[in-house]
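Participant: Below are the sequence and a predicted model for it; my questions follow.
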Amino acid sequence: MRWMNGGFATVGRLPGNLGYIDLHVFARPDIAAPRIPAAMSLVADTKALIVDLRHCGGGDPDTVMLFADRLFDQRTHLNDIVPREGATEARWTQPATGPSYGGQRRIYLLTSADTISGCEDLAYALQADHRATIVGEVTAGAAVGGARSEEHTSE
């Protein structure tokens, strides 16, 4: 994941002072955690943020949360992980220290059929919390927490 820069393919500013983050994967927290505030520092003062998930192949759910922490001003319930066995895990954003995008400016998430797993998780959660607008294709439908696809076929 280091050679993939922790999943951050491109971070920058587009014309019109729009922030742009092209994410290809949510790498493990030990690799991605230092890159998230670095990316946010580059887009922190933009008018709006575009997060490009069109080529995002999933990744670590803890890193999804670390990224989401920087998109809200206050602690926010993002989603729940419901395992087949065991207790449901409520997932809440945590206050971020350092650069963040905050919770007031607009966020647009670009999606495609190649948006998979943890990337779908982020898109769904931000849309459900009315934090982001989704633009693009229907995602792959693979945000199932690692279950094998044959377990999800019609019966």
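Facilitator: Cool, got the structure.

Participant: use CA for all of it now, contacts and neighbours both
Facilitator: Noted.

Participant: what residue ranges in the protein score low on pLDDT?
Facilitator: 1-4, 142-155 (pLDDT under 70).

Participant: And the residue nearest the centre of it?
Facilitator: In the chain, the centroid-proximal residue (C-alpha atoms, centre = their mean) is Leu122; its distance is 3.9 Å.

Participant: Specify the local secondary structure of that one.
Facilitator: helix (DSSP: H, G, I helix; E, B strand; the rest coil).

Participant: And the one 5 residues further on, by the same measure?
Facilitator: Under the three-state scheme (three-state DSSP), Gln127 adopts helix.

Participant: With adjacent residues omitted, what lies nearest to it?
Facilitator: Spatial nearest neighbour of Gln127, chain neighbours left out: Thr133 (6.1 Å); criterion: C-alpha to C-alpha, 6 or more residues apart in numbering.

Participant: Isn't that neighbour up against Leu109?
Facilitator: Yes: between Thr133 and Leu109 there is a contact at 6.2 Å, judged by C-alpha atoms under 8 Å.

Participant: Those two: which is more packed in?
Facilitator: Taking neighbours as other C-alpha atoms under 10 Å, Thr133 and Leu109 compare with Leu109 leading, 21 against 15.

Participant: ok so that one is a strand residue?
Facilitator: Yes: assignment of Leu109 by three-state DSSP places it within a strand.

Participant: What are the boundaries of the helices in the protein?
Facilitator: Along the chain, the segments classed as helices by DSSP state H run 29-32, 35-43, 61-69, 118-128.

Participant: want to throw the ones you listed into CSV with distance to Gly6?
Facilitator: Converted to CSV, those look like this (distance: least, C-alpha to C-alpha, whole Å):
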stretch, distance to Gly6
helix 29-32, 5
helix 35-43, 7
helix 61-69, 10
helix 118-128, 14
